[in-house]
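Let's see this in three dimensions:
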Amino acid sequence: MKTLLSLLLLSTLLFSQTDKKLTLGGVDIKKGSNVTINIELPNLYNTPTTMPVLVMRGKHEGPVVFICAAVHGDELNGIEIIRRFRQLDILKKLRGTVILVPIVNIYGVMNLSRYLPDRRDLNRHFPGSTHGSLASRMADLFLNEIVKKSDLGIDLHTASIHKSNLPQIRTNIKNPYTLKLAKAFEAPVILHSEIRDGSLRSASQDMGVPILLYEAGEALRFDEQSIRIGVKGLVNVLRTNKMLPKLQKKQKAKKLPIIVRSSSWLRASQSGVIRTIKGLGDTVKKGEIIAYINEPLNDKSHKLQAPYDGIIIGKSEIPLIQEGDAVFHIANFKKLSLAEKKILYFCEDALENCEFIDFNDEEIIE
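Residues are numbered from 1 along each chain as shown. This is a model prediction of the structure:
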């Protein structure tokens, strides 16, 4: 009887230690391995095209998290964030699996374009289909090869062309799990964001995979501060998800980012040359002048005033403006003195005290 019980216990133990199967692009990924996979995409004018994916699987079971960038081909900060992140020594202690996709829209990156060659926005064509447009086929492939095998996603973005964003996490703050992870990321601002039809976030949520959206910096440019916050944020989220060990030394009480429930774009009331006097991260009071729009051939000047108290979390970077153009993205927030202190802390103090500061200094981008 004892022998039978021993055999049952041994078989249970062996079964519990068996690798859960994880296959991407037809490749089986074993525990404790790092595997680079080139997932086949539709040919570009009959030229073979692939999407490179790095899978880092720890020795112990845990959640599967995908981290992707360049869904829009001109949004490049995320590529550098992933490059720096994958070199961190702490990943040797990873529990679970991280799927890194530095360039989703390979076609757009090759052309320095937000869009695919057919001018479609990939982030408006999820969940896609196997027989639709190029965008639909890519969306379907990404969902089935990456998202379906994950428990959580982190999607890295920048502002669109000629605009810039203050580092911010966009997610559903009504979801306790994603709000907890958003706070852990430690970007200065958390913005409640409703689901947009056709987006990766929308399709992933329908599949039961929550996503954090990191928005920071400007299209076609690297921004050092945004990159540093991004690398640190990825580690923070994995730690909170119990995939990486916590710091050994005692930490100070963490400060909470600014949580914002609503925001809107302030649009130009006139056409002309814009002269902005407020920048990203600045607080504004209702009625405060934040820019002037000048007519190039005379001395007329038009004031652009803040519609409410808030924080500038996005702005146009091009000096020429047309009537109706979006100029400032303002988050509605009343406690302006608190906002100023928190933004300063998360953009400067939190980075200076980061354990990866030496690594970041070696890789600094001027």
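
sec struct for Ser264, please.
Under DSSP: H, G, I helix; E, B strand; the rest coil, Ser264 falls in the strand class.

where exactly do the helices run in the stretch 151-300 of the chain?
176-185, 200-206, 224-240 (DSSP state H, counting those that start in this stretch).

Point out the most buried one among those.
Stretch with highest mean neighbour count among those: helix 224-240 (a mean of 23; mean count of other CB atoms under 10 Å). C-beta: built from backbone N, CA, C; applies to glycine.

For it, enumerate the helices and strands it packs against.
Contacts defined by 3 or more CB pairs under 8 Å, 6 or more residues apart in numbering; DSSP states H and E place helix 224-240 against strand 60-69, helix 77-85, strand 152-157, strand 163-171, helix 176-185, strand 211-218, helix 350-352.

Can you list the strands that the first one pairs with?
Neighbouring strands of strand 60-69 in its sheet, by DSSP bridges, are strand 95-101 (parallel), strand 152-157 (parallel).

relative to helix 176-185, how tilted is the last one?
Orientation of strand 152-157 against helix 176-185 (axes from the mean of the first three to the mean of the last three CA atoms, to 10 degrees) gives an angle of 50 degrees.

sorry, back to before: as TSV, the helices and strands packed on helix 224-240 with mean pLDDT and distance to Pro52 would be great.
Converted to TSV, these look like this (pLDDT from 0 to 100; distance: least, CB to CB, whole Å):
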stretch	mean pLDDT	distance to Pro52
strand 60-69	97	11
helix 77-85	97	11
strand 152-157	98	15
strand 163-171	97	26
helix 176-185	97	25
strand 211-218	97	20
helix 350-352	81	29
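
Any chance of a markdown table for the ones you listed, columns distance to Ile29?
As requested, these are arranged in a markdown table below (distance: least, CB to CB, whole Å):
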| stretch | distance to Ile29 |
| --- | --- |
| strand 60-69 | 10 |
| helix 77-85 | 18 |
| strand 152-157 | 17 |
| strand 163-171 | 28 |
| helix 176-185 | 24 |
| strand 211-218 | 22 |
| helix 350-352 | 33 |
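
Okay, and the beta partners of the closest residue to Ala306 other than its chain neighbours?
Spatially, and ignoring its direct neighbours in sequence, Ala306 is nearest to Val284 (3.9 Å; CB to CB, 6 or more residues apart in numbering). Beta-bridge pairing of Val284 under DSSP bridges involves Gly310.

Now for Val284, how many residues are close by?
Val284: 22 surrounding residues under other CB atoms under 10 Å.

For Glu348, see how far away it is.
Using CB to CB, to the nearest Å, Val284 is found at 20 Å from Glu348.

one step back: quick one: the residue nearest to Ala306 and Ile312 touch, right?
Yes: here Val284 reaches Ile312: they are 6.5 Å apart, a contact under CB atoms under 8 Å.

shared neighbours of the two, anything?
The contact sets of Val284 and Ile312 overlap at Lys278, Ile290, Ile330 (CB atoms under 8 Å, 6 or more residues apart in numbering).

which residues touch the last one?
Same thing as Ile330. Ser263, Ser264, Trp265, Leu266, Val284, Ala306, Pro307, Tyr308, Gly310, Ile311, Ile312, Ile313.

Okay, and it sits in which element?
strand 326-332 (DSSP states H and E).

Only the buried residues of that strand, if you could.
Ala326, Val327, Phe328, His329, Ile330, Ala331 (16 or more other CB atoms under 10 Å).

likewise stretch 115-126?
Buried-residue list, stretch 115-126, by 16+ other CB under 10 Å: Tyr115, Leu116, Arg120, Asp121, Leu122, Asn123, His125, Phe126.

wait, doesn't Lys31 sit right on Gly58?
Yes: if you go by CB under 8 Å, Lys31 and Gly58 touch, sitting 7.0 Å apart.

The two: which is more packed in?
Ranked by neighbour count (other CB under 10 Å), Lys31 and Gly58 place Gly58 first, with 19 against 14.

quick one, phi/psi of that one?
With angles defined as degrees, to the nearest 10, Gly58 sits at phi -70, psi 170.

Fine by me, we can end here.
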